[in-house]
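Q: this one's sequence-less:
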């Protein structure tokens, strides 16, 4: 059996074909063009059909990774307000005539990391994505945990500052508000338009940029320490564009974690960078679908 994985991102649609060992046999990128005519949806259908026809596999399944909350059976995205018109409740399986599973994009990325990446052979882990927003996913006893309403893992909406501005879910001073790219202009009082621009200024001796950045990293450490108290994972995997800051992120983060994390018996949670880049959602969705249809239960480790 082989599996197609398609990750529907805000900018690009990524597609892969993988085998049972997670080897990427084929990959493709297309622009999303999220607009009112729903042309992005036809792009997804075209890519899936192209791969299906190109490889002519007898046993082929499909995994879809997308923003939003999937329904209870993981057959469609049930809730994604405000963008990706045409995504909610669309029946991919009926349109493509392929056995299909649909996952939240962060959960799909966790499946990839737990199967073949930074959380491989871990039983309990957390993925946090640091990008435009802050997303997340949870692995418990080797399985992705989606919770009631498939809403689990929205780590970016935990509260760090109860007097802070409300985020898109209405939570005040959330982790997403503290470090997400979406608030960089506000956090820097209009001085910087991106995290990369702020970090470049910091490297050139800008003290203001350094203060803002280290505050964000400290708040991230507080959030991650809270996760360790609630879930006690072996590993926290950090992904997303902000992790490209490298040592500028990880060195102060480890210092702050040493200050905030409750390390009983000297034990601490491992914090590592994600292995998969922008294909994580597609690979994870493909593998989830493959395992679902071969075992009917997702055991990753």
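A: All right, it came through fine. Computed from a prediction, not measured in an experiment: that's the story for all the values here.
Q: CA atoms for contacts and neighbours, from now on please.
A: Fine.
Q: low-confidence ranges in the stretch 1-150 of the chain?
A: Within the stretch 1-150 of the chain, the ranges that satisfy pLDDT under 70 run 34, 36.
Q: Walking through it, point out its strands one by one.
A: 2-8, 12-18, 24-31, 60-66, 69-70, 77-79, 100-104, 125-130, 134-140, 143-145 (DSSP state E, counting those that start in this stretch).
Q: can you tell which of the ones you listed is closest to residue 258?
A: Among the strands of the stretch 1-150 of the chain, strand 125-130 comes nearest to residue 258, with 18.4 Å by Cα to Cα.
Q: Give me the nearest residue to residue 239, chain neighbours excluded.
A: Closest residue to residue 239 in three dimensions, ignoring its sequence neighbours and counting by Cα to Cα, 6 or more residues apart in numbering: residue 129, at 4.5 Å.
Q: can you count the residues close to that neighbour?
A: Residue 129 is surrounded by 24 other residues when neighbours are defined as other Cα atoms under 10 Å.
Q: Turn the strands of the stretch 1-150 of the chain into CSV, including distance to residue 283.
A: Below are the strands of the stretch 1-150 of the chain laid out as CSV (distance: least, Cα to Cα, whole Å):
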stretch, distance to residue 283
strand 2-8, 6
strand 12-18, 7
strand 24-31, 8
strand 60-66, 9
strand 69-70, 18
strand 77-79, 18
strand 100-104, 12
strand 125-130, 15
strand 134-140, 15
strand 143-145, 15
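Q: Tell me which of those sits nearest to residue 205.
A: Across the strands of the stretch 1-150 of the chain, residue 205 has its closest neighbour in strand 125-130 (24.3 Å, Cα to Cα).
Q: Strand partners (parallel or antiparallel) of the closest one?
A: The pairing partners recorded for strand 125-130 under DSSP bridges are strand 134-140 (antiparallel), strand 235-239 (parallel).
Q: what's next to the shortest one, contact-wise?
A: Under the contact criterion Cα atoms under 8 Å, 6 or more residues apart in numbering, strand 235-239 has outside partners 118-119, 122, 124-130, 269-274, 277.
Q: Would you mark the buried spots in whichever helix or strand comes after that strand?
A: Once strand 235-239 ends, the next helix or strand along the chain (criterion: DSSP states H and E) is helix 247-260. Within helix 247-260, the residues that qualify as buried are 248, 249, 250, 252, 253, 254, 256, 257, 260, counting by 16 or more other Cα atoms under 10 Å.
Q: how near is the third one to residue 239?
A: Right, the one you point to is residue 250. Counting by Cα to Cα, to the nearest Å, the gap between residue 250 and residue 239 amounts to 12 Å.
Q: can you check the fourth one too?
A: Noted for residue 252: a distance of 17 Å to residue 239, by Cα to Cα.
Q: same check, this time on residue 170
A: Taking Cα to Cα, one finds residue 170 at 24 Å from residue 239.
Q: When the two are compared, which one has more neighbours?
A: Taking other Cα under 10 Å, residue 170 and residue 239 do not tie; residue 239 has more neighbours (28 against 10).
Q: Correct me if wrong: residue 253 contacts residue 218.
A: Yes. Counting by Cα atoms under 8 Å, residue 218 is a contact partner of residue 253 at 6.8 Å.
Q: roughly how far out does stretch 101-121 sit from the chain middle?
A: On the basis of Cα atoms, centre = their mean, to the nearest Å, stretch 101-121 sits 9 Å off its chain's mean C-alpha point.
Q: Do me a favour and get the end-to-end distance for that stretch?
A: In terms of Cα to Cα, the two terminal residues of stretch 101-121 are separated by 23 Å.
Q: residues of it that come out buried?
A: Neighbour-count burial for stretch 101-121 flags 101-120 (criterion: 16+ other Cα under 10 Å).
Q: what's the spacing between the nearest residue to residue 158 once chain neighbours are set aside and residue 180?
A: The spatial neighbour of residue 158 that comes closest, neighbours along the chain excluded (Cα to Cα, 6+ apart), is residue 174 at 5.2 Å. Between residue 174 and residue 180 the distance is 10 Å, computed by Cα to Cα.
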